[in-house]
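Novice: Make a model of this:
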Amino acid sequence: MSDDDDQTRKEFDDAVNMTASELKKWLDTDDSKSVGQKKGGGESTGHESGRHIVRILEKKKADLTDDDLAHMRKVVGYVKRHSAQKPKGDVTDTDWRYSLMNWGHDPKK
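Specialist: Modelled structure (predicted):
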């Protein structure tokens, strides 16, 4: 892995604070499926991303593909942008939190 790839992995590890099993369990919930932009009424972009994140988390570092690394960079960018839009008040049961959780980041952790 290159230094850039190592940096990507570090930033991804900082952004994604849910384990593969936590994320899998979350993605099976109605709340997870209720948020995000859906292409033609199907699965939301964030939900699809969550499934890719699970696959990444289950891989060994040496087995990461260029596609995985590109997705990891996308996840880091999304978590940074979306976190900056935190609403006021309790965020426990909000679409904002649910969207972040689809991307592997639980702001309540």
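Novice: Could I get the pLDDT score of E11?
Specialist: What the model reports for E11 is a pLDDT of 97.
Novice: same deal with G36?
Specialist: The predicted structure scores G36 at 88 on the pLDDT scale.
Novice: How about the one 4 residues further on?
Specialist: Taken from the predicted model, the pLDDT recorded for G40 is 76.
Novice: Wasn't it part of a helix?
Specialist: No: secondary structure assignment (DSSP: H, G, I helix; E, B strand; the rest coil) places G40 in coil, not in a helix.
Novice: ok now do the closest residue to H105 other than its chain neighbours, which residues does it touch?
Specialist: Using Cβ to Cβ, 6 or more residues apart in numbering and skipping the chain neighbours, the partner closest in space to H105 is V79 (4.7 Å). Any C-beta I mention is one placed from the backbone N, CA and C, and that applies to glycine too. Shown here is V79, whose contacts under the criterion Cβ atoms under 8 Å, 6 or more residues apart in numbering are 15-16, 100, 103-105.
Novice: Make CSV out of those residues and add distance to G50.
Specialist: Rendered in CSV, the data for these read as follows (distance: Cβ to Cβ, whole Å):
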residue, distance to G50
A15, 13
V16, 10
L100, 10
W103, 7
G104, 6
H105, 10
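Novice: Following element in sequence after the longest helix along the chain, please.
Specialist: The helix spanning the most residues in the chain, taking DSSP state H as the definition, is helix 66-83. Read in the C-terminal direction, the helix or strand following helix 66-83 is helix 95-102, with elements assigned using DSSP states H and E.
Novice: Where does the prediction get shaky in the chain?
Specialist: Residues of the chain meeting the criterion pLDDT under 70: 1.
Novice: Quick check on D63: phi, psi?
Specialist: Note on D63: backbone dihedrals following degrees, to the nearest 10 are phi -90, psi 0.
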